[in-house]
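In: Starting from these lines, generate the structure:
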Amino acid sequence: MSGLKRMMAGGLLAVACMGLGGCVVGTVVGAAVDVGVEVVKVPFKVGKGIYDVVKDDPEEDKKK
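Out: Predicted coordinates:
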């Protein structure tokens with residue numbers, strides 16, 4: 001009987017580990033997608049900053 005209990009405990013442990021593996025994969029994929037989205041946003045933020053610096057402000061022309 002002791003061998004059967006050990007085998008059942010090992011099987012239960014294996015099933016539990018497989019279930020947790022799915023959660024880990026989901027978390028890693030979610031983090032990778034979040035990082036990817038932020039990396040794609042950076043050039044647009046930099047471009048907007050450069051555009052804001054370079055563009056002419058019509059308000060300054062009116063004051064002169």
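In: What average pLDDT does the longest helix along the chain get?
Out: The single longest helix within the chain, with elements called by DSSP state H, is helix 2-54. Averaging pLDDT along helix 2-54 gives 81.
In: what's the spacing between that helix and its chain's center?
Out: Here the centre of helix 2-54 is set off from its chain's centre by 7 Å, with CA atoms, centre = their mean, to the nearest Å.
In: Can you tell me how far residue 39 is from residue 54?
Out: 24 Å (CB to CB, to the nearest Å). Glycine gets a C-beta too; all of them are placed from N, C-alpha and C.
In: Could you do residue 37 as well?
Out: Counting by CB to CB - residue 37 and residue 54 are separated by 27 Å.
In: Could you do residue 47 as well?
Out: 11 Å.
In: of those two, who's got more company?
Out: residue 47 (10 against 7; other CB atoms under 10 Å).
In: distance of the more buried one from residue 11?
Out: Using CB to CB, residue 47 is found at 56 Å from residue 11.
In: Same question for residue 45.
Out: Taking CB to CB, one finds residue 45 at 52 Å from residue 11.
In: Likewise for residue 52?
Out: Per CB to CB, residue 52 is found 62 Å from residue 11.
In: cool, and residue 33?
Out: 34 Å.
In: before we move on, what about residue 35?
Out: According to CB to CB, residue 35 and residue 11 sit 37 Å apart.
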